[in-house]
Structures are given as structure tokens and as C-alpha cells.
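*Asks:* Would you be able to build a 3D model of this:
(one chain, ligands or ions: 1)
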Amino acid sequence: MKAIVDQDICIGCTICTQVCPEVFMMEGDKAKAYTNPVPEALEATAMSAANQCPVNAIMIEK
Ligand code: SF4
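*Replies:* As a prediction, this is how the structure comes out:
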């Protein structure tokens, strides 16, 4: 599974980096996914982060 943050949509709220810091980090005022592919053990947490993004900026590719 791969996680991608759409930089044009992200509003920099930092929720994803708090929910799943193993996969998401802030870079300036935007988040980025820095662990790709997402390890299987982190998939559920990364999905949860994507679901909690208030603007649906995180895309998950299976
Ligand atoms: S939760 Fe969404 S809007 Fe907030 S920092 Fe992460 S990608 Fe950006």
C-alpha cells in the first residue's frame, strides 16, 4: 500500500502526523508521506490518518 498527500489540498493541520508519525511528517506547512510503501504493520494506522484528514488530502493506493 502507498500513501500520497496531495500538496494542493493539504491545509497543514498536522492530524495525520499525530495519528501516524511513522508514515507522515510535516515539510514546511504541508504533510508528506515519507514511508512508502507503507509497511503492512502500519497500514491500519495510515488508513486511519487518511480517514481523519479534514480535507481528504491523503490518497491510498493498494
Ligand atoms: S491531515 Fe490532511 S490536511 Fe492535515 S496535515 Fe495531514 S494531509 Fe494535511
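*Asks:* Strands of this structure, residue ranges please.
*Replies:* Applying DSSP state E to the chain gives strands spanning 2-5, 24-27, 30-33, 58-61.
*Asks:* Format these as a markdown table; extra columns: distance to Ala41, mean pLDDT and mean neighbour count.
*Replies:* Every C-beta, even on glycine, is put in place using the N, C-alpha and C of the backbone. Below are these laid out as a markdown table (distance: least, Cβ to Cβ, whole Å; pLDDT from 0 to 100; neighbours: other Cβ atoms under 10 Å):
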| stretch | distance to Ala41 | mean pLDDT | mean neighbour count |
| --- | --- | --- | --- |
| strand 2-5 | 14 | 98 | 19 |
| strand 24-27 | 15 | 98 | 17 |
| strand 30-33 | 16 | 98 | 20 |
| strand 58-61 | 16 | 97 | 16 |
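*Asks:* Now render those strands as a markdown table, adding distance to Glu40.
*Replies:* Output for the strands of the chain, formatted as a markdown table (distance: least, Cβ to Cβ, whole Å):
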| stretch | distance to Glu40 |
| --- | --- |
| strand 2-5 | 13 |
| strand 24-27 | 17 |
| strand 30-33 | 15 |
| strand 58-61 | 13 |
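*Asks:* And the ones you listed: which comes nearest the ligand?
*Replies:* strand 30-33 (3.7 Å; Cβ to the nearest ligand atom).
*Asks:* Show me what that closest one is packed against.
*Replies:* For strand 30-33, the packing partners by 3 or more Cβ pairs under 8 Å, 6 or more residues apart in numbering; DSSP states H and E come out as strand 2-5, strand 24-27.
*Asks:* This completes my enquiry, with thanks.
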